[in-house]
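# sequence plus predicted model, see below.
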Amino acid sequence: MNAFGAKLVYGTGLLLLAAVAVMPHHKTRMETVAAAVPTLTAEDRLAQAIHDRIAVEATAERDDAALRKLRAEEHGLRRLAFESDAKASREHLINALADSLSAAMLTRATIAAGGQRTEALDRAETVVRKLTAAINDEVRSLAT
C-alpha cells in the first residue's frame, strides 16, 4: 500500500467515526416507578415536634403563642404515640430522637466550621444539649 492509499483509508475511517459519533441515537424509554413515600409514625412526628419545640425555646426569650402551640402539639402526639404499646413506642421515639440529635449535631458542626463564637452556634449547642436531655428522659422512662 502506498502513502496515498494509507491516507485514504485513514481519512475514510476518521470520517466514518465522526459520522457514527454525531448520528442521532434512539432514546430508550425508561418506565418510572413511583416510589412509596414513607409515612411518618406518631413517634417520628413526636420526635420532630420535640426538636421544633427545643429549637424555638432556644431562640425565644419569652413564652409566646408559637411555643405554647408546639407544646400542645407535642402533648397530643405523645398521647397518640403511647396509647397502644408504650414500651415499643418509647423505643421508637428514642431512635427518632437520636436521628434528630444527629442532624442537630451536624448543624452545630457546620456553624462551628466558621471558627467564630456566634449566637447561632450558642443556639445550636443549646438544641444539642436539650435533645440529649430529652433522650435521657425517655431512656429513664423506659427503665421504669
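Great, that's in hand. Numbering: from 1, shown residues only.

# so, low pLDDT: which residues of this protein?
Applying pLDDT under 70 to the chain flags the ranges 1, 25-37, 61-62.

# which residue ranges of it form helices?
With DSSP state H, the ranges of helices along the chain come out as 3-22, 42-59, 65-81, 86-112, 119-143.

# return the most buried member of those.
helix 42-59 (a mean of 20; mean count of other Cβ atoms under 10 Å). Backbone N, C-alpha and C define where each C-beta goes, glycine included.

# the nearest residue to Thr59 once chain neighbours are set aside: what's it in contact with?
In space, Thr59 comes closest to Arg123 once its chain neighbours are excluded; the distance is 6.0 Å by Cβ to Cβ, 6 or more residues apart in numbering. By Cβ atoms under 8 Å, 6 or more residues apart in numbering, the contact set of Arg123 is 55, 58-59.

# for Ala6, same thing?
Taking Cβ under 8 Å, 6+ apart as the criterion, Ala6 is in contact with no other residue.

# any idea how far Ala18 is from it?
According to Cβ to Cβ, to the nearest Å, Ala6 and Ala18 sit 19 Å apart.

# Leu106 now?
For Leu106, the distance to Ala18 equals 50 Å [Cβ to Cβ].

# next: Glu57.
Relative to Ala18, Glu57 is positioned 67 Å away (Cβ to Cβ).

# the residue positioned nearest the centre of the chain and Ala109, how far apart?
The central residue of the chain, meaning the one whose C-alpha is nearest the mean C-alpha position (Cα atoms, centre = their mean), is Ala103 at 7.2 Å. Computed as Cβ to Cβ, the Ala103 to Ala109 distance reads 11 Å.
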